[in-house]
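> have a look at this prediction, sequence included:
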Amino acid sequence: MSPTNIIVITRRQLLSFCLLMTLIFSLVIWSSSRKVWPTVGGAQTGKAPVILDAGHGGVDSGANSREVKEKEITLDVVLRIRKYLEKKGLPVELTRDSDVDLGGELTRGRHRRDLEARLKIINKGQIAVSIHVNTANAASEQGALILYACNSEKGKKLAETILQELQKVQKLNHPKPIPRSNIFLLRVSEVPTVLVELGFISNPEEKAKLMQPEFRQKCAEAIGKGILNYFNIT
Ligand SMILES: [Zn+2]
């Protein structure tokens, strides 16, 4: 008979082994369910590259005309930008993808709660672009505007790369991005954030353009191209 090797495992060792295996198993499950974002702009931060914010929504229509509401234009353009960027391989997250506001019940402070909910999502990204449509008392006022936080160099760069492309498809109201210190989302955002005003709904010609799917698509692609340029993606 050959000698038999007997391995004695104590109850404590068995328990430790089981615990270790559970830990390894949980780690494997956790890492496979976690989104892994591509490296963009030279830095892998584990954050979604782009957050797109469709201005207004739900009870808040934004700038209104009889035929069309700001919240409808902003959502449509944001969905078009998302489609464009995802086709180019750049993942996108949205603050909203339907006609809702994020402020909860219709009580005092709803607007502030809406902005804070957007901000929470924006801060999960690497950059954020908020899309809006303008309105003015003077019907002659027209063209796109891009705003950024006055103390943000990266915000300025993002605003410039978007403006460079947007001016190819839409008139500009102002030839350069405008630094601002009094816009909540720009002021308190922790990531480079810009606000794009696509044009004036109060100008009859621009309102007609903003209602055209073709024009919205052109604007969306220009903004998407600007975002790709910011990340040096060709
Ligand atoms: Zn707006």
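All right, it came through fine. For clarity, every value in this text was computed on a predicted model and none was experimentally measured.
> so the strand of greatest length in the chain, near the ion or not?
Using DSSP state E, we find that the single longest strand of the chain is strand 125-134. Yes - Strand 125-134 reaches the ion (C-beta under 5 Å from the ion) through His132. Where you see a C-beta, it was placed from the backbone N, CA and C, and this is true even at glycine.
> which strands or helices does that strand pack on?
strand 48-54, helix 70-87, helix 153-166, strand 193-200, helix 213-230 (3 or more C-beta pairs under 8 Å, 6 or more residues apart in numbering; DSSP states H and E).
> one more time with 6 Å
Packing contacts for strand 125-134, counted by 3 or more C-beta pairs under 6 Å, 6 or more residues apart in numbering; DSSP states H and E, involve strand 48-54, helix 70-87, strand 193-200.
> same list (those) but as JSON lines, adding distance to Ser140 and mean pLDDT.
What follows is the helices and strands packed on strand 125-134, written out as JSON lines (distance: least, C-beta to C-beta, whole Å; pLDDT from 0 to 100):
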{"stretch": "strand 48-54", "distance to Ser140": "27", "mean pLDDT": "94"}
{"stretch": "helix 70-87", "distance to Ser140": "19", "mean pLDDT": "97"}
{"stretch": "strand 193-200", "distance to Ser140": "9", "mean pLDDT": "98"}
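> if we can go back for a sec, so after the longest strand of the chain, what's the next helix or strand?
strand 145-149 (DSSP states H and E).
> now that following strand: mean pLDDT?
Taken as a whole, strand 145-149 has a mean pLDDT of 98.
> could I get the buried residue list for it?
Using 16 or more other C-beta atoms under 10 Å as the test for burial, strand 145-149 gives 145-149.
> what's that strand in contact with?
Residues outside strand 145-149 that contact it (C-beta atoms under 6 Å, 6 or more residues apart in numbering): 155-156, 159, 162-163, 173-174, 177-178, 180, 186-187, 194-197.
> quick check: of these, which lies closest to the ion?
The ion lies nearest to Glu197 out of those, by C-beta to the ion, at 7.4 Å.
> any figure for the gap between that closest one and Gln170?
10 Å (C-beta to C-beta, to the nearest Å).
> overlap in contacts, these two.
With C-beta under 6 Å, 6+ apart, Glu197 and Gln170 have no common neighbours.
> so the closest residue to Val188 other than its chain neighbours is in which element?
The shortest distance from Val188 to any non-neighbouring residue, by C-beta to C-beta, 6 or more residues apart in numbering, is to Leu119 (6.3 Å). Element membership for Leu119, per DSSP H and E: helix 110-122.
> got the buried residues for that helix?
For helix 110-122, by 16+ other C-beta under 10 Å, it's 110, 113-115, 117-119, 121-122.
> right, and Val59 touches Val100 too?
No - counting by C-beta atoms under 6 Å, Val59 stays clear of Val100, with 9.2 Å between them.
> that older thread, max pairwise distance over the buried residues of strand 145-149: which two?
By the measure C-beta to C-beta, Leu145 and Ala149 form the most distant pair in the buried residues of strand 145-149, at 14.7 Å.
> for the residue of the chain found nearest the ion, grab the count of nearby residues.
For the chain and the ion, the shortest gap (C-beta to the ion) falls at His132, measuring 3.5 Å. Residues within reach of His132, counting by other C-beta atoms under 10 Å, total 23.
> contact partners for Tyr84?
Contact analysis of Tyr84 by C-beta under 6 Å, 6+ apart lists 220-221, 224.
> swap in 10 Å and give it another go.
Contact partners of Tyr84, counting by C-beta atoms under 10 Å, 6 or more residues apart in numbering, are 90, 92, 217, 220-225, 227-228.
> same question for Glu141.
With the criterion set at C-beta under 10 Å, 6+ apart, Glu141 makes contact with 134-135, 173, 199-200, 202-203, 206.
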